[in-house]
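Q: with the input below, show me the fold.
(chains A and B)
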Amino acid sequence: MKRRHFIATSSAALAAGFLPSCSGKSDKPTLTVFTWVDYLSDDAKASFEKAHACKLVIDTFDSNEAMIAKIESGAAGYDILVPSSYAVKQLESKALLQPLDHAKLPNLANIDKAYLSHALDPEMKISAPYMMAPTVVAYLKSKLPDAEASWQLFSRPDVKGRATLLDDMREVLGAALKTLGHSLNSTNSAELEAATELVIQWKANIAKFENEQFKAGIASGEFHLVHGYAGELISVQQENGDIEIVIPKEGAAFSCDDLCIPKSAKNADLAHAFINHLCDAEVAAENMEWIGYRAPNTAANAHLSEDFRGSTILFPTDELFAKCESIGYLDDQLPLWSAAWEKVKNA
Amino acid sequence: MKPSRIPLVTTGIVLAFFYLPIAALVAKSFNSSRFSPEWKGFTLKWYERLFERDDILAAFINSLKVAFIAASVSMLLGTSAAFALHRYKSRLQDVHRMIVNIPLVLPDILMGMSMLLLFIAAGVSLSLATVTIAHITFCISYVALVVLARLQDFDPNIVEAARDLGASRFQAFRKITFPILFPGILAGGLLAFTLSIDDYVVTFFVKGPGSDMLPTLVYSMIKKSKELPVINALSTLMLLLTFLLVFASQRLTRPVNR
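A: Predicted coordinates:
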C-alpha cells in the first residue's frame, strides 16, 4: 500500500508542477531571445529586466541552420534572434526579419564605424552587430619559435601531422584566398581554383580538418599548430601559457553575430529597447568581458579593463583589421564553393 | 578440468566497453582543466557552477516533467494499443500494426519537422505542452511493442478460469491480467522515460520559447560554452541518481518471502 501511496503523491506533485507552466504566467511583459548558450551576461540581463520591468526568457539553438529551419516553418514567439551575419542575410532573403527602427535605437551611434564598413549590413537596416571575433591561428611557442603570423605556417614541413585546419569550407578556402591576396568571398573561378590547389598542399601537411578536438589537442601539446575561433582559443591559452595566438598578416575572417527582430515578434518595442540596451557603452563593455568576444562598440572601449582592451587578437591594429573580412552569404554561388571543397576533401 | 576463462574475459571486455567512457566522464568532472584531457588537479568548481546556473536546472526540471508525463500517458495508450493488436485479427488491425510500428523506424528529423508544421498549421503555440505531445507520439510505439511481447507469453486460459470461478470482467482484469502484465507495462514506461529524456531532434523542432530542455541545452553548450565541464558534473549527478533508482527498484521488486 505504501508504495502505491508514494506513486500517487509523487505523480500528483509532478503534475501540479507541470500545469502552471502551461497556463498562468505573471502579468509582466516577456521578451524571448533565441540565441547561443552563455551569450549574455547575467548583469546585462538583470539590468534590462529592471529598467523595463519585464522578464527575459532565453532560448538556445546550436546551429544557424537549425534555427532558420525552425523560424522559416513558422515557429513564432521569439522577439530577438542572434544569428551569424551570413545567416541574417539568409533570413532577410526569406523575408523573415523586420527592419530596425533607428529612432528607437539611439545607441546605434556607438557602433564601430570601421567594423560597419566590413559588415554585411553596413547601414544596420535589419540587424545590429552584437559580438565578433576573428578566426585565428594558434601555435606552441616552444615548437615553432621562429613562427611568423601567416597562413603559410600550414605548409611548414616541421608541423607535418601536428596541425589542424577547421573543417569548414568557408574558413579554410577563405584563408587560402586571403593568402593569395584575393577576397575571402571570391566567386571568381580562377581564384577559387588557385585557392583549392593551396588547400590541397596544406591538406597533405596537416593531421586533419577538425572542429572540436583542436582545443584539447593544443592544450595537451598533441598539436603544434591549429586553426580555430578566437574566443575559444583565448580561453585555452589561459590554461597553457606556451600557446601563442595570431591573426595571420594576410588577413582573416571576422565572424559576427547580429541582433535582429523576426517579423513574428510579439513585442517589437521591447525588442528594440533590448537592442538599444545591449549597445549601451557600459553594458556592452561588461557583456563583452563576460563573454570574451568583442562587441564592435567604440564607446564601450573606454569602459574596458586594460587587460581586455590590450588583446591584439580582439583588437588588431587598424592596418591588419582592414585586411580582415566578414564571411558573406554566397546565395546562388554556393555550388561553386561546394565543388571546390569537394575537390579538397577527395584529394 | 579447469573451467573456461572465456566467459570471464568476455564479461571483463564488455564491462570495460560499457563503463570506461562513463568513468572517464566522471573523472573529467573533477578535473580543474577545462580543455585538456590531462589531469590538472581535483576541483569541485564545476559542481559549484552547476548549482549556480538556473538555466540548466530549469531545463532539467522541464525534461523531467515531460519525460514523466510522456511515459505515463504512453503507458496507458501503448497498453491499449497492444491489447487491441493482440486480441483482434483483421485487415484493419494490420493497418493498425503498421501505424504503431512506423514511428520506430521513422527518422527523427522527419517526425520533428512534420510535428512542427502540424502544430503551426493548427495554430498551437509551441511550449512544453507541444514537446510533451510529440514525445508521447513516439513513446506509444515503444510501449506497445514491449507490452505486446509480454502479451504473447500470456496464457488467456487463466483469465477464463477466473471468470469461471465467478470474477467479474473488471475483477479478472484487476486481479489477473493487470498484475501479470504490469512488469511489461512498467518496462515500457521506463523505456519511454529514457527515450523522452534524451531526445534531441524532435525536441528541438517542437520546443517553444522558454521551454529549453536538457538535451537541447547540452548541445548548445557543446557548441559555444565556456563551461563545458559543467555538463560532465551534471551527467555524473544524473548517473548517480540512475544507479540509486536501479538499486531501489531491484530492492523493491525482490520477492519478499524467500
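Q: residues touching the residue of the stretch 201-347 of chain A found nearest chain B, list them.
A: Residue of the stretch 201-347 of chain A nearest chain B, by C-beta to the nearest C-beta: A:Ala219 (3.8 Å). From N, CA and C alone the C-beta is placed, and that goes for glycine too. Residues counted as contacts of A:Ala219 (C-beta atoms under 8 Å, 6 or more residues apart in numbering or on different chains) are A:Val236, A:Glu239, A:Asn240, A:Ile243, B:Ser33, B:Phe35, B:Ser36, B:Glu38.
Q: how close does the fifth one get to B:Met115?
A: The spacing between B:Ser33 and B:Met115, counted by C-beta to C-beta, to the nearest Å, is 41 Å.
Q: low-confidence ranges in chain A?
A: A:1-26 (pLDDT under 70).
Q: look up the closest residue to the residue of the stretch 201-347 of chain A closest to chain B, ignoring the ones flanking it.
A: B:Ser36 (3.8 Å; C-beta to C-beta, 6 or more residues apart in numbering or on different chains).
Q: against A:Glu222, how distant is the one you found?
A: Remark: distance between B:Ser36 and A:Glu222 (C-beta to C-beta) = 10 Å.
Q: these two: who's more crowded?
A: B:Ser36 (20 against 16; other C-beta atoms under 10 Å in any protein chain shown).
Q: looks to me like the more buried one is in a strand.
A: No. Assessed with DSSP: H, G, I helix; E, B strand; the rest coil, B:Ser36 is coil; it does not lie in a strand.
Q: check contacts around the residue nearest to A:Ala219.
A: A:Ala216, A:Ala219, A:Ser220, A:Glu239, A:Asn240.
Q: what's the ChimeraX line that selects buried ones from those residues?
A: Those of the contacts of B:Ser36 that count as buried under 16 or more other C-beta atoms under 10 Å in any protein chain shown are selected in ChimeraX with:
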select /A:216,219,239,240
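Q: ok, so of the contacts of B:Ser36, who is nearest B:Ile140?
A: A:Ala216 (41.3 Å; C-beta to C-beta).
Q: what's the closest non-adjacent residue to that closest one?
A: Spatially, and ignoring its direct neighbours in sequence, A:Ala216 is nearest to B:Phe35 (5.1 Å; C-beta to C-beta, 6+ apart).
Q: wait, that neighbour sits on A:Gln237?
A: No. Assessed by C-beta atoms under 8 Å, B:Phe35 is found out of contact with A:Gln237, at 10.1 Å.
Q: and those two? which has more neighbours close in?
A: Just comparing B:Phe35 and A:Gln237: by other C-beta under 10 Å the higher neighbour count belongs to B:Phe35, 23 against 18.
Q: which residues does the more buried one contact?
A: Per C-beta under 8 Å, 6+ apart, neighbours of B:Phe35: A:Lys215, A:Ala216, A:Ala219, A:Ser235, A:Val236, A:Glu239.
Q: over to B:Arg34?
A: B:Arg34 neighbours (C-beta under 8 Å, 6+ apart): A:Ser235, A:Val236, A:Glu239, B:Lys226, B:Glu227, B:Leu228, B:Pro229.
Q: for the closest residue to B:Gln152 other than its chain neighbours, what are its contacts?
A: Excluding the flanking residues, the one nearest B:Gln152 by C-beta to C-beta, 6+ apart is B:His86, at 7.3 Å. Listed by C-beta under 8 Å, 6+ apart, the contact set of B:His86 reads B:Leu148, B:Leu151, B:Gln152.
Q: pretty sure the second one contacts B:Ala84?
A: Translated: B:Leu151. No. Look at B:Leu151 against B:Ala84 with C-beta under 8 Å: they stay out of range, at 10.6 Å.
Q: ok, back up a step: any common contacting residues for B:Ser36 and A:Glu222?
A: In contact with both B:Ser36 and A:Glu222: A:Ala216, using C-beta under 8 Å, 6+ apart.
Q: ok, back up a step: farthest pair within the contacts of B:Phe35?
A: Greatest spacing in the contacts of B:Phe35, by C-beta to C-beta: A:Ala216 and A:Ser235 (12.2 Å).
Q: which helices and strands sit right next to the helix or strand containing B:Leu20?
A: Per DSSP states H and E: B:Leu20 is located in helix B:6-28. Counting contacts by 3 or more C-beta pairs under 8 Å, 6 or more residues apart in numbering or on different chains; DSSP states H and E, helix B:6-28 packs against helix B:229-253.
Q: report the angle between the helix it packs on and helix B:6-28.
A: 130 degrees (axes from the mean of the first three to the mean of the last three C-alpha atoms, to 10 degrees).
Q: in helix B:229-253, what's buried?
A: By neighbour count with 16+ other C-beta under 10 Å, helix B:229-253 contains the buried residues B:Pro229, B:Val230, B:Ile231, B:Asn232, B:Ala233, B:Leu234, B:Ser235, B:Thr236.
Q: then stretch A:64-80?
A: Using 16+ other C-beta under 10 Å as the test for burial, stretch A:64-80 gives A:Asn64, A:Met67, A:Ile68, A:Ala69, A:Lys70, A:Ile71, A:Ala75, A:Ala76, A:Gly77, A:Tyr78, A:Asp79, A:Ile80.
Q: so the third one makes contact with A:Pro83?
A: What that stands for is A:Ile68. Yes. Using C-beta under 8 Å, A:Ile68 makes contact with A:Pro83 at a distance of 7.4 Å.
Q: where do the contact lists of these two overlap?
A: A:Leu91.
Q: still on that earlier bit, can you list the buried residues in the helix holding B:Leu20?
A: B:Leu25, B:Val26, B:Lys28.
Q: quick check, pLDDT for the first one.
A: Reported pLDDT at B:Leu25 in the predicted model: 88.
Q: repeat that for the last one.
A: At B:Lys28 the predicted local confidence, pLDDT, stands at 87.
Q: what's near enough to touch the residue nearest to it when sequence neighbours are not counted?
A: Of all residues not flanking B:Lys28 in the chain, B:Asn232 sits nearest, at 4.9 Å (C-beta to C-beta, 6+ apart). Taking C-beta under 8 Å, 6+ apart as the contact definition, B:Asn232 lies against B:Leu25, B:Val26, B:Lys28, B:Ser29, B:Trp46.
Q: rewinding a little: how about the contacts of B:His86 in TSV, adding pLDDT, secondary structure and neighbour count?
A: Putting the contacts of B:His86 into TSV (pLDDT from 0 to 100; DSSP: H, G, I helix; E, B strand; the rest coil; neighbours: other C-beta atoms under 10 Å in any protein chain shown) gives the following:
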residue	pLDDT	secondary structure	neighbour count
B:Leu148	91	helix	20
B:Leu151	90	helix	19
B:Gln152	88	helix	9
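Q: now distance to A:Pro99 too, for the residues you listed, in CSV please.
A: Listed next are the contacts of B:His86 as CSV, based on distance: C-beta to C-beta, whole Å:
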residue, distance to A:Pro99
B:Leu148, 56
B:Leu151, 61
B:Gln152, 63
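Q: contact partners for the closest residue to chain A within the stretch 51-200 of chain B?
A: In the stretch 51-200 of chain B, the residue that lies nearest chain A is B:Ile120 (4.1 Å; C-beta to the nearest C-beta). Contacts of B:Ile120 were listed using C-beta under 8 Å, 6+ apart, and they are A:Ser73, A:Gly74, A:Ala75, A:Ala76.
Q: right, I'll call it a day here.
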